[in-house]
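1. need coordinates for the following:
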Amino acid sequence: MRWSNAGGFAATGGVRVTEADGQAVLVVRDRGPGLRTTNPKLLIHLLHSTKPGHPGLGLVIVERVARLHAGTLEFESLRDGARVTLRLPAAR
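-> The predicted model follows:
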């Protein structure tokens with residue numbers, strides 16, 4: 001599998017999966033250029049990408065998964081990159 005976007009920077013950041021408060025928590029941290037905004041309405045656009053030749057589906061798909069499973073998607077812009085956190089109810 002070829003990673004793009006945050007996964008492309010994850011070598012110097014990382015991906016972590018934990019469980020907390022009855023939720024599965026997936027955190028993707030990168031050390032790329034960061035985010036211009038943390039407003040999901042401005043970040044999540046179908047068929048929009050900052051990379052030429054990329055379809056811009058990644059965040060749209062993740063947001064839909066979060067919504068369909070009563071989860072949340074959070075964005076943080078850090079001094080040295082970004083962090084995206086997906087929280088989903090843990091399986092019982």
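
2. now the nearest residue to Thr72 once chain neighbours are set aside: which helix or strand?
-> Leaving out its chain neighbours, the residue that sits closest to Thr72 by C-beta to C-beta, 6 or more residues apart in numbering is Arg87, at 4.8 Å. (C-beta placed from N, C-alpha, C; glycine too.) With elements taken from DSSP states H and E, the one containing Arg87 is strand 81-89.

3. tell me the pLDDT at Thr50?
-> Thr50 is assigned 66 on the pLDDT scale.

4. pretty sure Glu63 sits in a helix.
-> Yes - checked against DSSP: H, G, I helix; E, B strand; the rest coil, Glu63 lies within a helix.

5. still on that earlier bit, who are the contact partners of the residue nearest to Thr72?
-> Gln23, Ala24, Val25, Leu26, Ala66, Gly71, Thr72, Leu73, Glu74 (C-beta atoms under 8 Å, 6 or more residues apart in numbering).
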